[in-house]
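Engineer: coords please:
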Amino acid sequence: MGVYRISRNTEASIVDFLKTSFQADWGSNNVEKSFAQIYEIDLPSICVRAGVSTHTPVEVGSNSTWRTVLVSIDIFATSDGQRLDIKDWLISKVKNGINYYNYTISNGVVQSKTLAGRINIRKIEDEPLNFDTEKDELDTHDKYRHLITLTISLGKTEV
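Structural biologist: The predicted structure is shown next:
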């Protein structure tokens, strides 16, 4: 059996949290971590991507760092109203943080997850995506998109 490392644990923890919440509140579990998968599923849907990580030294003479990660969350909706509602809903769900899990995998399938801390939300930015193209000319999935960017940390140093 293998284990995910910090980046994959972070991304998987966010996807799991949003999938459960989206199903409970919106009746959809269409939360993925790949654009290719998003374009194959029904709307509304959400795509989560862990992006740029910054490792800031904690103290002089040490290799320990403090990791900060930018997480992009794309919302794909069926209308402007739904886009705004999901955006506000999502921000209200994540602003208090998200449980962080360590995942154990076997043959590419998650076998178990163990609570190992909390993902702290340091900053939230959101913006509608404007492709400078008439909505009628866009793919259905791109007509009503919104981007939320989270700056997160796990609140602990890494050796």
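Engineer: Just after the longest strand anywhere in the chain, pick out the following helix or strand.
Structural biologist: Ranked by residue count, the top strand of the chain under DSSP state E comes out as strand 109-128. Using DSSP states H and E, the helix or strand that follows strand 109-128 towards the C-terminus is strand 144-153.
Engineer: on that earlier part again, got the buried residues for the longest strand of the chain?
Structural biologist: 113, 118, 119, 120, 121, 126 (16 or more other Cβ atoms under 10 Å). Yep, even glycine has a C-beta here, placed from its N, CA and C like the rest.
Engineer: One more: stretch 152-159?
Structural biologist: Buried residues in stretch 152-159, counting neighbours by 16+ other Cβ under 10 Å, are found at 152, 153, 154.
Engineer: measure that stretch end to end?
Structural biologist: 18 Å (Cα to Cα, to the nearest Å).
Engineer: so how far is it from its chain's centroid?
Structural biologist: 17 Å (Cα atoms, centre = their mean, to the nearest Å).
Engineer: Other residues contacting that stretch?
Structural biologist: Applying Cβ atoms under 8 Å, 6 or more residues apart in numbering, the contact partners of stretch 152-159 are 6, 10, 55, 58, 63-71, 100, 117-122.
Engineer: Show the buried residues in the residues you listed.
Structural biologist: 6, 10, 67, 68, 69, 70, 71, 100, 118, 119, 120, 121.
Engineer: Just send the residues you listed back as TSV, with distance to residue 133 and pLDDT too.
Structural biologist: Formatted as TSV, these follow (distance: Cβ to Cβ, whole Å; pLDDT from 0 to 100):
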residue	distance to residue 133	pLDDT
6	38	94
10	33	97
67	37	96
68	34	97
69	31	97
70	26	97
71	26	97
100	38	98
118	40	98
119	35	98
120	37	98
121	32	98
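Engineer: Mind picking the two most distant members of these?
Structural biologist: Greatest spacing in the buried ones among the contacts of stretch 152-159, by Cβ to Cβ: 70 and 118 (18.0 Å).
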